[in-house]
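Student: test case, fold it:
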Amino acid sequence: MSEPLDPNVARAAKLDTATLSDALDKLGIAGQCYRIKPRDVNFRMTGRAWTLLYGPAGKPCGTVGDYIDDVPPGSIVVLDNGGRDNATVWGDILTEIAHRRGIAGTLIDGVCRDTALCRQLGYPIFSKDHWMRTGKDRVQVEATGVPVNIGDARVAPGDIVRGDADGVLVIPKEHESAVLDTAEAIEVAEEAIRNAVRGGMRLDEARKQFKYHQLQTRQEG
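Tutor: Numbers count the residues shown, from 1 in each chain. Next up is the predicted model:
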């Protein structure tokens with residue numbers, strides 16, 4: 001996969017979600033998407049959010065959306081289905097098109113289906129679970145390009161989304177430089193601790209020297 005052209009997306013792609021999560025905690029930002037997991041532990045994704053909000057179907061029913069050709073390549077499709085686990089909003093046709101168009105991945109507060117194809121293609125999907133029942137006539141598109149709720153994290157259009165084997169999180173656009181600076185400092189400190197221990201230092205001494213216990217401590221003010 002080619003290197004992202006967006007410099008902050010490229011910086012986020014080099015950091016794991018555990019380190020970024022510690023940075024979010026230190027800055028008091030709730031960006032971790034609770035209980036959202038990759039459909040394959042090898043999935044990784046980084047990109048800016050393209051958002052869509054679902055609601056219960058009306059009568060007559062609306063559609064689950066024909067939006068995929070409007071999503072810019074390199075984006076993450078972020079679908080807020082209200083955490084529903086009884087109606088999927090993503091399947092194999094969307095996976096095939098998204099993969100072909102160079103979309104960076106899909107994030108769902110809800111469930112998806114047809115997971116065999118996303119694993120075969122290596123197209124990353126992060127969701128609460130997977131199940132086969134369609135969302136057609138059960139949910140409908142309410143809005144696109146609006147802030148949404150994914151696992152109790154607010155995701156606005158253009159925010160950075162980062163996912164790996166440990167889950168997925170969002171970095172709000174207005175805080176991304178601070179989050180990335182903090183995460184990179186945490187990564188440097190943790191690597192220094194690992195190197196010190198490999199060199200024979202006691203772990204408690206290494207943690208004290210490199211201020212391990214302050215790495216995740218929330219900053220006041």
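Student: now the strands for this structure?
Tutor: For the chain, the strands defined by DSSP state E occupy 37-38, 45-56, 76-80, 105-109, 111-112, 125-127, 129-130, 139-144, 148-150, 153-155, 160-164, 167-171.
Student: poorly predicted segments of this structure, please.
Tutor: The model of the chain has pLDDT under 70 over residues 1-4, 220-221.
Student: what segments of it are helices?
Tutor: With DSSP state H as the criterion, the chain has helices at 7-13, 17-27, 92-101, 115-121, 176-198, 203-209.
Student: show me what the last one is packed up against.
Tutor: Taking 3 or more CB pairs under 8 Å, 6 or more residues apart in numbering; DSSP states H and E as the contact definition, the neighbouring helices and strands of helix 203-209 are helix 176-198. Backbone N, C-alpha and C define where each C-beta goes, glycine included.
Student: and the third one, by the same measure?
Tutor: The criterion is 3+ CB pairs under 8 Å, 6+ apart, and the helices and strands that helix 92-101 contacts are strand 105-109, helix 115-121.
Student: now that helix: buried residues?
Tutor: Asp92, Leu94, Thr95, Glu96, Ala98, His99 (16 or more other CB atoms under 10 Å).
Student: got a list of contacts for stretch 84-103?
Tutor: Stretch 84-103 is contacted by residues 47, 54, 64, 68-69, 71, 73-77, 79, 81, 106, 108, 110-114, 117-118, 121, 123, 125, 127-135, 138-139 when judged by CB atoms under 8 Å, 6 or more residues apart in numbering.
Student: quick check, distance from it to the centre of its chain.
Tutor: 16 Å (CA atoms, centre = their mean, to the nearest Å).
Student: check stretch 114-128 too.
Tutor: On CA atoms, centre = their mean, the centre of stretch 114-128 falls 14 Å from the chain's centre.
Student: one more: stretch 60-75?
Tutor: For stretch 60-75, the distance to the chain centre is 19 Å (CA atoms, centre = their mean).
Student: got the buried residues for that stretch?
Tutor: Buried residues in stretch 60-75 (16+ other CB under 10 Å): Val64, Gly65, Ile68, Val71, Gly74, Ser75.
Student: dump stretch 176-193 to CSV, restricted to CA.
Tutor: The C-alpha trace of stretch 176-193 is given here as CSV (Å, rounded to 0.1, in the frame of the first residue of the first chain):
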residue,chain,number,x,y,z
GLU,A,176,-4.7,15.9,16.0
SER,A,177,-1.4,17.7,16.2
ALA,A,178,-1.4,17.5,20.1
VAL,A,179,-2.5,13.9,20.0
LEU,A,180,0.2,12.9,17.5
ASP,A,181,2.9,14.8,19.3
THR,A,182,2.0,13.2,22.6
ALA,A,183,1.7,9.7,21.1
GLU,A,184,5.1,10.0,19.4
ALA,A,185,6.7,11.1,22.7
ILE,A,186,5.1,8.1,24.5
GLU,A,187,6.4,5.8,21.8
VAL,A,188,10.0,7.2,22.2
ALA,A,189,9.8,6.7,26.0
GLU,A,190,8.5,3.2,25.8
GLU,A,191,11.2,2.2,23.3
ALA,A,192,13.8,3.7,25.7
ILE,A,193,12.4,1.5,28.5
